[in-house]
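Participant: here's my sequence, what's the structure:
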Amino acid sequence: MTVMQFFGAMFIAYGPAVAMFLFTVVSEPLRIIVMIAGMFFWLIALLISSIWWAAVVPLKDELAFGLVFSVFFQEAFRYLYFRILRKAEDGLQQFSEPSNRTNNGSQTSATSQKSQHMYAYGT
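Facilitator: Numbering: from 1, shown residues only. I've put the predicted structure just below:
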């Protein structure tokens, strides 16, 4: 009975995330790279917020202090990641769609509609 409860709770907890991953991210390798980079930026923001919480000793007892700065650092790193992804977009499009060339051979800089939701998952 314990094993069934474990797997049931696991499927309920991780089912939606696995479904989104399988139906939207797995189809293109570039999306996997973007997703892993987004997770890295999230972990760095979490590390910095925990260092900040540990460094300010008198405010450790205040939960609101840690929460506010954690949200601030996560949003700052989301914006930083978005800016880096925007700068690297032309190079990433070159790897993902090599046949997307104009008549003179230059890469088009417009974001394809198919990859616009990639920024929402990664950031």
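
Participant: quick one: the helices in the chain?
Facilitator: Per DSSP state H, the chain carries helices over the ranges 2-20, 29-55, 63-87, 89-96, 117-122.

Participant: CSV for those, including mean neighbour count and mean pLDDT?
Facilitator: All C-beta atoms are positioned from the backbone trio N, CA, C, and that covers glycine. Below are these laid out as CSV (neighbours: other C-beta atoms under 10 Å; pLDDT from 0 to 100):
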stretch, mean neighbour count, mean pLDDT
helix 2-20, 10, 92
helix 29-55, 15, 89
helix 63-87, 14, 90
helix 89-96, 14, 74
helix 117-122, 16, 55
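
Participant: burial measure for the nearest residue in space to I32 that is not next to it in sequence, as a count.
Facilitator: The shortest distance from I32 to any non-neighbouring residue, by C-beta to C-beta, 6 or more residues apart in numbering, is to V25 (6.0 Å). By other C-beta atoms under 10 Å, the residues close to V25 number 17.

Participant: distance of V25 relative to A37?
Facilitator: Distance, V25 to A37, by C-beta to C-beta, to the nearest Å: 12 Å.

Participant: which pLDDT value belongs to the residue nearest to I32?
Facilitator: pLDDT recorded at V25 is 84.

Participant: isn't it right next to M35, touching?
Facilitator: Yes. Counting by C-beta atoms under 8 Å, M35 is a contact partner of V25 at 5.6 Å.

Participant: and the gap between T24 and L67?
Facilitator: Distance from T24 to L67, by C-beta to C-beta: 30 Å.

Participant: is it true that A45 touches Y81?
Facilitator: No. Using C-beta under 8 Å, A45 is not in contact with Y81, being 9.3 Å away.

Participant: so what's Q74 closest to, chain neighbours aside?
Facilitator: A45 (4.5 Å).

Participant: quick one, what contacts the one you found?
Facilitator: A45 makes contact with S70, F73, Q74, A76, F77, R78, according to C-beta atoms under 8 Å, 6 or more residues apart in numbering.
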